[in-house]
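Undergrad: Just the structure for this:
(one chain, ligands or ions: 1)
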Amino acid sequence: METFGHVIDGQETSDGATFASVDPWTRQPWSDVALGGAAEADRAVTSARRAFDEGPWSRMGYGERGALLHKLADLIESHADELAAADSHDMGKPVADAKGKDVPRTAQNFRFFADHARLATAETLPMDTGHHTYTRYEPAGVVAAIAPWNFPLMLESWKVAPALAWGNTVVLKPAEDSPASATILARLALEAGIPPGVLNVLHGYGPGSAGEALTRDKRVDRITFTGESATGRVITEAAARNLTPVSLELGGKGANLVFDDADLDASVDWSIRAIFTNAGQVCLAGSRLYVQRGILDEFLDRFVAAAEAMVIGDPREASTQIGPLASETHWRKVTGYLSEPAGKVLTGGTGDGWVVRPTVIVDAPADSAIQREEVFGPVVTVTPFDTEDEAVSAANDSPYGLNAMVFTENLSRAHRVAARLRAGTIWTNCFFIRDLRAPFGGFADSGWGREGGNFSREFFTEPKAVVMAI
Ligand code: NAD
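TA: Next up, the predicted model:
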């Protein structure tokens, strides 16, 4: 079995308690992982605090820091096999996806945020009084980054890369279901020459464990969290005691609107990807599909055929599109929605082991749990609509507001509907395309704040006004 330790102050340690990470395809433990609690969280924050206060990282020029982050990106690419295998063993993701998408995006994230910080400009305000005010973006300090298991490495890089690029030090707490790639990332950061204590990795659970201890530590200056909305509430309460700013990327229940003037081939293809990518374990999944009545039958015929054609199996096989769900607990949660489904199941259901087959449900009432709650599996409800107003109201009738998709060839409608949808990202005739300069985040129960470009700068820095008499 492989071993993955905490990485604190440049040292990998796993001498205390450990837990097993179970491969959801074999359903056997594949690695032994250090289990942190309050004591380890304290050591990790002490290490990050010292590295921030004593430097050199927090005082280094953007170019020098950026060069080290680029070196880390190179190492991520040259260790693609190891990183992809780690995420796949931990949470069942097809290796082809991890290696072809997640790892390259991770490297790109480090390069983008290194360059963004280096090239960023700051305001200078000549004042009528003869004074001159300019802005400095000072690093915030110690960042606690708490991550989920669905895109382990890639989502961690959305937090770690901008935090480091802006001169902060980090304690990263990966999800207990997907710990391995975070330790590998920290090993590579040290190999790249990033000083000890700048990127620390702390393993463990959330409540009463490493995660909770991090969120209660006064020496932490920012908490960036991605995970469930319920966890976001608990973390925000803990952070409020110390007035620690929190950024929250939470759950979703994406509405996908297909109008009768849409390109049918393209909308079926994108809608399949929107719900079944990563076995539906995507916060942005298009899990509520609304189809205009005139094309409903033809759309459904094609959509169901495409769902049934998906290749399910061993995540290590190159052809596999759908692997098992991430854990037994999660598989029980998802199959719980299917045991007495509201509505009629056209295709899908449980598979072998912890697999759920691509599942398409029609006639589920708008107020049923499967239409309102985040299932986080390969399960989609399909509901017809007649008018644009009806489609927009149905889409907006959700506690979540992370994203929505609109399929139409009518240009005016595309813009009109995008403006009316209450969600942080609207994809028109596409899905999952992201410009790292754009805001990313959600309305309502989907979160607080935005990540990306200057939005990440706002969160990971303390802007300071310097006023000078000329
Ligand atoms: P989760 O909330 O169960 O756990 C996320 C992380 O929080 C884990 O590292 C966990 O150990 C930690 N944690 C749990 N309780 C904690 C506590 N009290 N204090 C501190 N840390 C705690 O989420 P998950 O099941 O790992 O991930 C799936 C969820 O993440 C889904 O709801 C999904 O929509 C959401 N998600 C959102 C985005 C986004 O960008 N909005 C992206 C991916 C996933």
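
Undergrad: quick one: the residue nearest the centre of the chain from residue 278, how far?
TA: Among the residues of the chain, the one closest to the centroid is residue 155, at 4.2 Å (CA atoms, centre = their mean). Note on residue 155: its distance to residue 278, by CB to CB, to the nearest Å, is 11 Å. Quick note: C-beta positions are derived from backbone N, CA and C, even for glycine.

Undergrad: cool, residue 30 as well?
TA: For residue 30, the distance to residue 278 equals 19 Å [CB to CB].

Undergrad: what about the two, which has more around it?
TA: A side-by-side neighbour count of residue 30 and residue 278, using other CB atoms under 10 Å, places residue 278 first with 24 against 18.

Undergrad: pretty sure the more buried one contacts residue 97?
TA: Yes: with the criterion set as CB atoms under 8 Å, residue 278 and residue 97 qualify as a contacting pair; they are 7.0 Å apart.

Undergrad: interface residues of the stretch 1-150 of the chain facing the ligand?
TA: Taking CB under 6 Å from any ligand atom as the test, the list of the stretch 1-150 of the chain residues beside the ligand reads 146, 147, 148, 149, 150.

Undergrad: Got the domain ranges for the chain?
TA: Per the TED database, the structural domains of the chain span 2-250+442-468, 255-428.

Undergrad: quick one on the thing from earlier: state whether the residue nearest to the centre of the chain is indeed within a strand.
TA: No: the assignment for residue 155 is helix, going by DSSP: H, G, I helix; E, B strand; the rest coil, so no strand is present there.

Undergrad: Do you know the pLDDT at it?
TA: With respect to pLDDT, residue 155 scores 98.

Undergrad: List the contacts of it.
TA: Residue 155 makes contact with 147, 148, 226, according to CB atoms under 8 Å, 6 or more residues apart in numbering.

Undergrad: That one and the ligand, how far apart?
TA: 6 Å (CB to the nearest ligand atom, to the nearest Å).

Undergrad: What of residue 385?
TA: 25 Å.

Undergrad: likewise residue 216?
TA: Residue 216 sits 9 Å away from the ligand, taking CB to the nearest ligand atom as the criterion.

Undergrad: For that residue, which residues are in contact?
TA: For residue 216, the contacting residues are 238, 241, 242, by CB under 8 Å, 6+ apart.

Undergrad: May I see the ChimeraX selection of the buried members of those residues?
TA: Buried residues within these, as defined by 16 or more other CB atoms under 10 Å, are selected in ChimeraX through the command that follows:
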select :238
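
Undergrad: from the contacts of residue 216, which ones fall inside helices?
TA: Members of those lying in helices (criterion: DSSP state H): 238, 241, 242.

Undergrad: Quick check, the first one in contact with residue 214.
TA: In other words, residue 238. No: with contacts counted by CB under 8 Å, residue 238 stays clear of residue 214, the gap being 9.1 Å.

Undergrad: Which residues are in contact with each of these two?
TA: Looking at what touches both residue 238 and residue 214 (by CB under 8 Å, 6+ apart), there is no common residue.

Undergrad: about what we covered before: neighbour-wise, which of the contacts of residue 155 leads?
TA: The most crowded member of the contacts of residue 155 is residue 147, carrying 27 neighbours; neighbours defined as other CB under 10 Å.

Undergrad: Residue 115 versus that one, what's the distance?
TA: Using CB to CB, one obtains 23 Å as the distance from residue 147 to residue 115.

Undergrad: Repeat that for residue 94.
TA: Residue 94 sits 30 Å away from residue 115, taking CB to CB as the criterion.

Undergrad: the more surrounded of those two?
TA: A side-by-side neighbour count of residue 94 and residue 115, using other CB under 10 Å, places residue 94 first with 25 against 16.

Undergrad: Name the residue of the stretch 1-150 of the chain that lies nearest to the ligand.
TA: With CB to the nearest ligand atom as the measure, residue 148 is the residue of the stretch 1-150 of the chain nearest to the ligand, at 3.0 Å.

Undergrad: so where does that residue fall, helix or strand?
TA: Here residue 148, judged by DSSP states H and E, is contained in no helix and no strand.

Undergrad: looking at it, it is touching residue 175, isn't it?
TA: Yes: applying CB under 8 Å as the test, residue 148 and residue 175 come out as touching, 5.2 Å apart.

Undergrad: Now do the shared contacts for these two.
TA: A shared contact of residue 148 and residue 175, defined by CB under 8 Å, 6+ apart, is any residue touching both; here these are residue 227.

Undergrad: For residue 174, give its distance to the ligand.
TA: Noted for residue 174: a distance of 6 Å to the ligand, by CB to the nearest ligand atom.

Undergrad: Quick one: neighbours of the closest residue to that residue other than its chain neighbours, just the number.
TA: Take residue 174 and drop its neighbours on the chain: the residue closest to it by CB to CB, 6 or more residues apart in numbering is residue 182, 3.9 Å away. A count of nearby residues for residue 182, using other CB under 10 Å, gives 28.

Undergrad: from the chain's centre, how far out does stretch 290-310 sit?
TA: Averaging C-alpha positions (CA atoms, centre = their mean, to the nearest Å) puts stretch 290-310 28 Å from its chain's average.

Undergrad: An error on my part: the question was meant for stretch 130-138.
TA: With CA atoms, centre = their mean as the basis, the mean position of stretch 130-138 lies at 35 Å from the chain mean.

Undergrad: Would you mind listing the buried residues in it?
TA: Neighbour-count burial for stretch 130-138 [16+ other CB under 10 Å]: residue 137.

Undergrad: in the stretch 201-350 of the chain, which spans are strands?
TA: With DSSP state E, counting those that start in this stretch applied, the stretch 201-350 of the chain shows strands at 222-226, 246-249, 255-258, 288-292, 344-350, listed in chain order.

Undergrad: This completes my enquiry, with thanks.
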